[in-house]
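Undergrad: Need the 3D shape of this:
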Amino acid sequence: GWPVSIIEETPQWTPEFALRFARELERFGVYWLEEPLNRGRFEALAELRRSTSIRIAGGELNSSWLEFDRMLELGSLDVYQPDAVLIDGSYQGGISASAWIAGEIARRNAAGGDKADPKSHLRFSPHTWTTGLGFVTNLHLVGLVPEQERHLLEFPNEGPWNPNSWGRYLRQRFWPDSSGKIRIPEEPGLGVDIDWDVVARFGKRVYHGTPATVGYKVLMDRG
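TA: Have a look, this model is predicted:
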């Protein structure tokens with residue numbers, strides 16, 4: 001239900017259609033339904049979540065701590081997927097916001113979460129689909145969660161968009177091992193080294209945001 005209108009015009013789902021879709025999924029044991037409604041429809045997402053046994057996931061493009069605070073208050077999602085690159089306008093702000101989300105989820109689970117009930121046990125599952133540094137940043141944030149509580153991490157490996165492309169300028173590679181796990185680096189900083197020869201050869205700016213262009217995009221997305 002998430003419209004990727006950058007690529008093509010796509011219809012947005014209504015709450016009624018999303019509920020019908022979710023209920024059809026229930027009999028197949030689908031693990032989660034991701035971004036069924038616009039990311040700003042917090043109340044509608046909460047109502048959808050209460051009306052289906054399917055986990056509702058989202059948050060990859062929600063852009064502030066306040067939005068996640070509101071979603072947690074309303075119970076909008078079962079699986080929270082913040083991307084530290086896209087929250088609060090900077091890596092520093094995004095890391096702080098994502099760390100707070102992980103901590104708040106842990107606090108809420110400890111206060112009343114029942115692991116046997118998927119609807120009462122929230123999950124922190126960062127979304128990451130930007131660059132190698134973005135992936136490693138979100139990978140480190142998974143490390144804030146105790147190992148036995150760690151969950152799925154979205155791994156960009158679709159067609160040409162794989163670690164050999166989005167991570168080409170990193171000397172390290174982050175392919176999962178035979179069990180599907182990825183090691184969290186323990187070296188200083190983010191634990192990666194940049195290959196500046198690759199950056200010099202291929203690096204370029206692909207988007208230049210100005211107050212006018214960003215304002216236009218927000219207006220078209222949110223109204």
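
Undergrad: what comes into contact with the host helix or strand of Leu141?
TA: Assessed by DSSP states H and E, Leu141 sits inside helix 132-142. Taking Cβ atoms under 8 Å, 6 or more residues apart in numbering as the criterion, the residues outside helix 132-142 that touch it are 83-85, 91, 94-95, 98-99, 102, 124, 126-128, 150-151, 153, 156, 163, 166-170, 174, 182, 184-185, 190-192. In short, each C-beta sits where N, CA and C put it, glycine included.

Undergrad: and it, how far from the chain's centre?
TA: 11 Å (Cα atoms, centre = their mean, to the nearest Å).

Undergrad: so after that helix, what's the next helix or strand?
TA: Beyond helix 132-142 in the direction of the C-terminus, DSSP H and E gives the next helix or strand as helix 163-166.

Undergrad: as a whole number, average confidence for whichever helix or strand comes after that next one?
TA: Next along the chain after helix 163-166, taking DSSP H and E as the criterion, comes helix 196-202. Helix 196-202 comes out with an average pLDDT of 89.

Undergrad: Now the terminal residues of stretch 20-38, how far apart.
TA: 16 Å (Cα to Cα, to the nearest Å).

Undergrad: For it, which residues meet the burial criterion?
TA: Buried residues in stretch 20-38, counted by 16 or more other Cβ atoms under 10 Å: Phe21, Ala22, Leu25, Trp32, Leu33, Glu34, Glu35, Pro36, Leu37, Asn38.

Undergrad: pretty sure the first one contacts Trp13?
TA: The one in question is Phe21. Yes: between Phe21 and Trp13 there is a contact under Cβ atoms under 8 Å: 7.3 Å.

Undergrad: which stretches of the protein have low pLDDT?
TA: Within the chain, the set of residues satisfying pLDDT under 70 comprises 1-9, 113-116, 118, 205-207, 222-223.

Undergrad: residue nearest the centroid of it?
TA: Centrality entry for the chain: nearest residue to the mean C-alpha point is His127, 2.5 Å, by Cα atoms, centre = their mean.

Undergrad: Which of the three states applies to that residue?
TA: Classification of His127 using DSSP: H, G, I helix; E, B strand; the rest coil returns coil.

Undergrad: How about it, nearest residue that isn't a chain neighbour?
TA: Nearest residue to His127, sequence neighbours excluded (Cβ to Cβ, 6 or more residues apart in numbering): Glu60, at 3.5 Å.

Undergrad: so who does the one you found touch?
TA: Taking Cβ under 8 Å, 6+ apart, we find Glu60 in contact with Glu35, Arg39, Gln81, Pro82, Asp83, Leu86, His127, Trp129.
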